[in-house]
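S.K.: everything below, folded, please.
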Amino acid sequence: MAKRFQFRLEQVLNLRKQVEEVKVRELAVAKMHLLEVERVLNEHLEKQVEFLNAYGELEKDGFFTAEQVMTYCDYKEVLSKKENEFRERQSDWMLEVERRRREVVKVSRQRRLLDNLKDKKKSAHSLEVQNDEQKFLDEVSSIAFVRRERAKRSALLS
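M.R.: Numbers count the residues shown, from 1 in each chain. Below is the predicted model of the structure:
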């Protein structure tokens, strides 16, 4: 009976697979946050464009008070500050996504290293088992040949 293949580092490989799965999930969460920030930023930019268009219409009509101008200027400043905040958050999440992507690549390499080692060990084991089986078959064939030859000789001598 051929001996069963056993990879001594199987537990380490399983741990690395679990770590990789966790890192992939963390990357997905970071990407989700980035997409959410980008969605909110786009909505904000649309609101800003609508506001500027409305302000432009008021300018065309030329009928607005100084108080309205001050209010519009203040609101425009608030919109600009929010845009900067959203862009800063977007930049932060982009950096976070990139950092997590590098982590995923790193743990993936570590896992693949062990996977490749396991494959090599498994191939070597299979080759060893195949060689053992071939030796056994050669030995059985040799014994059968010797017995046939002895039987022929003894039949000739009798």
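S.K.: all helices for this structure, in order.
M.R.: Counting by DSSP state H, the chain has helices at residues 10-61, 66-157.
S.K.: between the ones you listed, which one is nearest to Lys3?
M.R.: With CB to CB as the criterion, Lys3 lies closest to helix 66-157 of these, at 7.3 Å. Using the backbone N, CA and C atoms, a C-beta is placed for each residue, glycine as well.
S.K.: now the closest one, how far from the chain's geometric center?
M.R.: Computed by CA atoms, centre = their mean, to the nearest Å, the chain-centroid distance of helix 66-157 equals 10 Å.
S.K.: now the angle from that helix to helix 10-61?
M.R.: Per axes from the mean of the first three to the mean of the last three CA atoms, to 10 degrees, the angle that helix 66-157 makes with helix 10-61 is 150 degrees.
S.K.: what residues sit buried inside stretch 117-135?
M.R.: Neighbour counts over stretch 117-135 (16 or more other CB atoms under 10 Å) mark 118, 125 as buried.
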